[in-house]
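**Student:** One predicted model, sequence on top.
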Amino acid sequence: MNKLDHYPISGDFDYEYTYFIAPEWREKDEEELRFAIEHYINVILDIRVLMTKRGYLDASIEEMSQRALKLWEEGVQEEAVEVCRKIIAAGNAPAEIHLMHAEYALSQSDYETAESSFRAVILKEQESIEANAGLIRTLIAAGKTEGATEVIENLRERDPDLADILESIVGVEV
């Protein structure tokens, strides 16, 4: 309609919207309000739209995840990580996909990617031993020992037992 077809952009979103009606119109009956919305200005003060990117179908994500896990177990890590990247790009990747991606990045000394992927798991599963241990190992490998110490101290405040487990796994004492 706006002749914007020269932009090579495509998207697939679910959306929800709400709008905020000017105070003087809030008490009007529905028919009068609808007419005002369609024909007058400043009846609607603001519109809020929440767009959520749709990813691959859940079955497709599950199938791709199984393929990545199988490749990883077979030792074909580069190919497994390529599948992981596609799943992550689609959005809402399972924790094990982020963990594989992070472990591979750590093995390649790509500390920024490893840290980001471990933190993505922790956002979903705060008590994940694998993700917290991986994050601490990554921070230490990157020379950010103060960051590793901070992670353990924060965990100790929430869950002292988990902090103790991680200290024994990673071999760091705070």
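**Tutor:** Good, I have the coordinates.
**Student:** and the gap between the residue nearest the centre of the chain and His101?
**Tutor:** In the chain, the centroid-proximal residue (C-alpha atoms, centre = their mean) is Ala120; its distance is 5.6 Å. Using C-beta to C-beta, to the nearest Å, one gets 9 Å for the distance from Ala120 to His101. Where C-beta positions appear, they are placed from N, C-alpha and C, glycine not excepted.
**Student:** The chain: strands as residue ranges?
**Tutor:** Here the chain has its strands, by DSSP state E, at 13-21, 44-53.
**Student:** Partner strands of the first one, with direction?
**Tutor:** Spelled out, that is strand 13-21. Looking at strand 13-21 with DSSP bridges, its partner strands are strand 44-53 (antiparallel).
**Student:** per-domain residue ranges of the protein.
**Tutor:** 13-53, 58-170 (automatic domain parsing).
**Student:** Show the average pLDDT along the shortest one.
**Tutor:** In this model, domain 13-53 carries a mean pLDDT of 89.
**Student:** And it, end to end?
**Tutor:** 5 Å (C-alpha to C-alpha, to the nearest Å).
**Student:** tell me the contacts of the residue nearest to the centre of the chain?
**Tutor:** Counting by C-beta atoms under 8 Å, 6 or more residues apart in numbering, Ala120 touches 93, 98.
**Student:** Bridged to the spatially closest residue to Ile44 that is not a sequence neighbour, which residues?
**Tutor:** With sequence-adjacent residues excluded and distances taken as C-beta to C-beta, 6 or more residues apart in numbering, Ile44 is closest to Tyr19, at 4.9 Å. With DSSP bridges as the criterion, Tyr19 is bridged to Ile47.
**Student:** what number of residues lie near Tyr19?
**Tutor:** 12 (other C-beta atoms under 10 Å).
**Student:** Can you give me every residue that contacts Ile136?
**Tutor:** 148, 151-152, 166, 170, 172.
**Student:** Can you tell me which of these are classed as buried?
**Tutor:** Neighbour counting with 16 or more other C-beta atoms under 10 Å marks 148, 151-152, 166, 170, 172 as buried within the contacts of Ile136.
**Student:** Report the separation between Ala163 and Tyr40.
**Tutor:** Counting by C-beta to C-beta, the gap from Ala163 to Tyr40 is 60 Å.
**Student:** Between these two, tell me which one has more neighbours.
**Tutor:** Ala163 (19 against 11).
**Student:** Flag the shaky bits of the protein, pLDDT-wise.
**Tutor:** Where the chain drops to pLDDT under 70, the residues are 1, 4-5, 7-12, 54-59, 172-174.
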